[in-house]
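Student: Coordinates for the following, if possible.
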Amino acid sequence: QSICQRTTTQTIREVLGISQDCGGGSIEEFLRYQHGGIVAGVARQTLHFAISFQLALNRCADSSSTANNDLLTGTGGKEHLLGIGQTTLYQQNGKTGSRSGQRVGEVKTRADNDVLVTHTSFLQNQQVGGVTVSTAQALDLESIQPAFHGLGNRVHTSQQISRGVGDDVDFITWLHKRMWPYESNMTEEDSYISTLATCLEMIKTGVTSFAEPGGQFVSGMARATAESGLRGKLAKSVMDCGEGLPAVWQKTTQQELDEQVADLERFHNTADGRVQVWFGLRTIFNNTDDLIVKTKELADKYGVGIHMHVAEAKSEQEFTYAKFGEGTVKHLENLGVLDKNLLAVHTVYLTDEELELFKKREVKVSHNPASAMRVLGFARIPEMLDMGIMPSIGTDGASSSNRMDMVDEMWLTSLIHKGRMLDSTVVPSQDILRMATKWGARALMDDHLYGSLEAGKKADLIVIDPKGPSMMPVNDRIASLVTAMHSNNIQSTMCNG
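Tutor: The predicted structure is shown next:
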């Protein structure tokens, strides 16, 4: 009845060789644990597939299969470490003990830095869905990768239910005649449902963290994000000027600032820190200089980021040169806004000087290749990489690219810049994988917390099954992940352990 149950059941049967039952009861029975309900195939309170995995493993502990016992006891001298509360339970050669000082969801490694355990966080003899977990054990999986982060995904969650309304029109028509009428008529419940649907697609495609550039109801987005088990940096779509704004969006600068502060004080760092609130700036078309400057001041005061569409369209370039005599980036520099807490999205129309400013100010960049190919143009990603700027990858919104699939976005990134430059060596797979993981976490200002599998970082993982016609044979692991993998190769997604 849920993605969590279906994928876990399939995996358990394949790994342990179980047919229909295990210890007298069906696997499905073990997976139907009660913990606040299941949303988008993931239990609330961040109890993900690992709990289900563990319940089934514990019920199978008496199996006579040598392979099963090897999985459970870690024979061969391997040491399996589990982050549980303030104590680490470990098992070596079948003996269980404890160590102190490890946090929930923390990644532990062996001396050779191979990741051994990155999932499960529950205590011995704890009741989970009516089943007593009597032993702490771990399954050592080989096909583990860091989850896709942050701008893995940078995504408009409120646009998920507008999929297909923006095809085959120019940018201004898409924005003014398609998206504004749609978004301005949304309710808080619409935003909640749309965000849930987005989270479901992100879970299935290996995303654990995302940045939302702005709907009108942070409350609806926050509720859905908390229930999904993912983590999000949420922002309101903020506009205090511009032609053609729907009446409901026509607000003063101070009103927009006050609403964002209220959202931040209500929702920031909720859901065990998974829900955070940033400040939003829609576009320079719709933001006064006063709003931009005061937004920067507030973001610095609260220690959060700013999410803004920057230099995304040719019409924006024409607008800024006509009004300010300079491009968007140069104007933001003159306002004192370019900084390491600015997430600049799309960034298609940049001069060499503006690229240098990005590097100097450590501005974070989100590259959204599918939507860029539809209505915007080629971002200068090869040049950014050569300069040491570390862009991330995002999917944008369902109304601009129709697919919220990070795996597809990596594949597109691997192709379009080679075609633009007529050079097959630019934007290599190694960098694209970094853009989707480590650099995505960096764009969310969280690379010290997740983005890579390292001791002490949060356990954000995806489990990949490369067995199948699309990925086999795997001659180059990184290239296979970036250019051959499909999202259906992702078996499980874990956020925060």
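
Student: Mind pulling up the pLDDT for the closest residue in space to residue 483 that isn't next to it in sequence?
Tutor: Spatially, and ignoring its direct neighbours in sequence, residue 483 is nearest to residue 414 (5.2 Å; C-beta to C-beta, 6 or more residues apart in numbering). The C-beta positions use only the backbone N, C-alpha and C, and glycine is treated the same way. Reported pLDDT at residue 414 in the predicted model: 96.

Student: where's residue 414, which helix or strand?
Tutor: helix 406-421 (DSSP states H and E).

Student: What's the mean pLDDT across the helix or strand just after that helix?
Tutor: Sequence-wise, the next helix or strand downstream of helix 406-421 (DSSP H and E) is helix 429-436. Helix 429-436 comes out with an average pLDDT of 96.

Student: continuing past helix 429-436, what's the next helix or strand?
Tutor: helix 438-443.

Student: ok so, going back, tilt between the helix holding residue 414 and helix 429-436?
Tutor: Per axes from the mean of the first three to the mean of the last three C-alpha atoms, to 10 degrees, the angle that helix 406-421 makes with helix 429-436 is 130 degrees.

Student: what residues does helix 406-421 touch?
Tutor: Here helix 406-421 makes contact (C-beta atoms under 8 Å, 6 or more residues apart in numbering) with 148, 152-153, 202, 205-207, 367-370, 373, 378, 381-382, 393-395, 424, 426-427, 429, 432-433, 435-436, 481-483, 485-487, 489-490.

Student: rerun at 7 Å
Tutor: 148, 152-153, 205-207, 367, 369-370, 373, 378, 381-382, 393, 395, 424, 426-427, 429, 432, 436, 482-483, 485-487 (C-beta atoms under 7 Å, 6 or more residues apart in numbering).

Student: so the residue nearest to residue 294 when sequence neighbours are not counted, which of the three states?
Tutor: Distances taken as C-beta to C-beta, 6+ apart place residue 257 nearest to residue 294, at 5.8 Å, with adjacent residues excluded. Look at residue 257: counting by DSSP: H, G, I helix; E, B strand; the rest coil, its state is helix.

Student: Next one: residue 257 from residue 237, what distance?
Tutor: Distance of residue 257 to residue 237, computed by C-beta to C-beta, to the nearest Å: 14 Å.

Student: Could you do residue 323 as well?
Tutor: From residue 323 to residue 237 the distance is 21 Å (C-beta to C-beta).

Student: When these two are compared, which one has more neighbours?
Tutor: residue 237 (22 against 11; other C-beta atoms under 10 Å).

Student: tell me which element the closest residue in space to that one that isn't next to it in sequence falls in.
Tutor: Distances taken as C-beta to C-beta, 6+ apart place residue 214 nearest to residue 237, at 3.1 Å, with adjacent residues excluded. Following DSSP H and E, one finds residue 214 within strand 209-215.

Student: And whichever helix or strand comes after that strand, what's buried?
Tutor: Per DSSP H and E, the first helix or strand lying C-terminal to strand 209-215 is helix 218-228. Neighbour-count burial for helix 218-228 flags 218, 220, 221, 222, 223, 224, 225, 226, 227, 228 (criterion: 16 or more other C-beta atoms under 10 Å).

Student: Then stretch 447-455?
Tutor: For stretch 447-455, by 16+ other C-beta under 10 Å, it's 447, 449, 450, 451, 453.

Student: okay, now residue 408: neighbour count?
Tutor: By other C-beta under 10 Å, neighbour count at residue 408 equals 17.

Student: go on, residue 365?
Tutor: Going by other C-beta under 10 Å, the residues that sit close to residue 365 add up to 27.

Student: quick one, what contacts it?
Tutor: Contacts of residue 365 (C-beta under 7 Å, 6+ apart): 344, 347, 358, 384, 389, 391, 392.

Student: Surely the last one and residue 440 touch.
Tutor: Yes. Under the contact definition of C-beta atoms under 7 Å, residue 392 touches residue 440, with a separation of 4.3 Å.

Student: which residues in the stretch 301-450 of the chain form strands?
Tutor: 306-310, 342-346, 364-367, 392-393, 396-397 (DSSP state E, counting those that start in this stretch).

Student: Just checking: what are the partner strands of the last one?
Tutor: Partners of strand 396-397 in the sheet, by DSSP bridges, are strand 155-156 (parallel).

Student: Please apply the same query to the second one.
Tutor: The pairing partners recorded for strand 342-346 under DSSP bridges are strand 306-310 (parallel), strand 364-367 (parallel).

Student: which other helices and strands contact the strand holding residue 214?
Tutor: Judged by 3 or more C-beta pairs under 7 Å, 6 or more residues apart in numbering; DSSP states H and E, strand 209-215 is in contact with strand 155-156, strand 231-236, strand 306-310.

Student: Tabulate the ones you listed (TSV), appending mean pLDDT, mean neighbour count and distance to residue 283.
Tutor: Listed next are the helices and strands packed on strand 209-215 as TSV, based on pLDDT from 0 to 100; neighbours: other C-beta atoms under 10 Å; distance: least, C-beta to C-beta, whole Å:
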stretch	mean pLDDT	mean neighbour count	distance to residue 283
strand 155-156	72	28	13
strand 231-236	95	28	13
strand 306-310	96	27	5
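
Student: Can you lay out those as TSV showing distance to residue 410?
Tutor: As requested, those are exported to TSV (distance: least, C-beta to C-beta, whole Å):
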stretch	distance to residue 410
strand 155-156	15
strand 231-236	20
strand 306-310	22
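
Student: which one of those strands lies closest to residue 331?
Tutor: Closest approach to residue 331 among those (C-beta to C-beta): strand 306-310, 10.1 Å.

Student: Keeping just the C-alphas, turn that closest one into PDB.
Tutor: This file holds the C-alpha atoms of strand 306-310, laid out as PDB (Å, rounded to 0.1, in the frame of the first residue of the first chain):
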ATOM      1  CA  ILE A 306      18.200  34.300   0.200                       C
ATOM      2  CA  HIS A 307      16.700  32.500  -2.800                       C
ATOM      3  CA  MET A 308      16.400  34.600  -6.000                       C
ATOM      4  CA  HIS A 309      16.000  34.000  -9.800                       C
ATOM      5  CA  VAL A 310      19.000  35.800 -11.200                       C
END
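
Student: hang on, the earlier thing: quick one, which of the buried residues of stretch 447-455 has the minimum pLDDT?
Tutor: residue 453 (87).

Student: so which of the strands paired with strand 342-346 gets nearest residue 186?
Tutor: Closest among the strands paired with strand 342-346, using C-beta to C-beta: strand 306-310, at 18.6 Å.

Student: Show me the strands in the stretch 101-250 of the chain, by range?
Tutor: 108-109, 115-117, 126-128, 131-133, 144-146, 155-156, 209-215, 231-236.

Student: Would you state the predicted confidence (pLDDT) at the residue nearest to residue 300 when sequence neighbours are not counted?
Tutor: Of all residues not flanking residue 300 in the chain, residue 341 sits nearest, at 7.2 Å (C-beta to C-beta, 6+ apart). For residue 341, the model assigns a pLDDT of 98.
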